[in-house]
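Undergrad: this one's structure only:
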């Protein structure tokens, strides 16, 4: 009986830990930027924010296309070096909703998109 109780408590703890880790990794970009001390004005030029953030704004902090290709060079395939050419960041990276894997619209490619 004691072992079943301990196993049940451990399973509950593991489930809560898994959910919190998943939720942290699944947080939209806006939330992750806020966690790092950024506010809305760091990305949005209008107040209240109403438009998608332009790629140029993303690149002002994260670097241009060549810098992103270099940062992700060890990923196979490299999501920033594709036959589609340079795409706007918002094609995959969504500020206030879950990000998407644009490549999977045509290919069976699994990529974890932040």
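TA: It's in. It should be emphasised that the depicted structure is a prediction, and the values quoted were computed from it without experimental measurement.
Undergrad: could you give the mean pLDDT of stretch 100-114?
TA: What stretch 100-114 shows for mean pLDDT is 85.
Undergrad: what's it in contact with?
TA: With C-beta atoms under 8 Å, 6 or more residues apart in numbering as the test, stretch 100-114 has contacts from 29, 32, 75, 77, 79, 82, 84, 87, 91-94, 99. In this view, the C-beta of every residue, glycine as well, is placed from N, C-alpha and C.
Undergrad: again, only this time at 6 Å
TA: For stretch 100-114, contacts defined as C-beta atoms under 6 Å, 6 or more residues apart in numbering pick out 79, 91, 92, 99.
Undergrad: buried ones in that stretch?
TA: Residues 102, 103, 111 are the ones in stretch 100-114 that count as buried (16 or more other C-beta atoms under 10 Å).
Undergrad: helix or strand right after the worst-scoring helix or strand of the chain on mean pLDDT?
TA: Every helix and strand of the chain was ranked by mean pLDDT, DSSP states H and E. The lowest is helix 2-25, at a mean of 40. For helix 2-25, the following helix or strand on the C-terminal side (DSSP states H and E) is helix 29-35.
Undergrad: run the chain-centre distance for that following helix.
TA: Its chain's C-alpha centre and that of helix 29-35 lie 10 Å apart, by C-alpha atoms, centre = their mean, to the nearest Å.
Undergrad: mean confidence for it?
TA: Computed over helix 29-35, the mean pLDDT rounds to 94.
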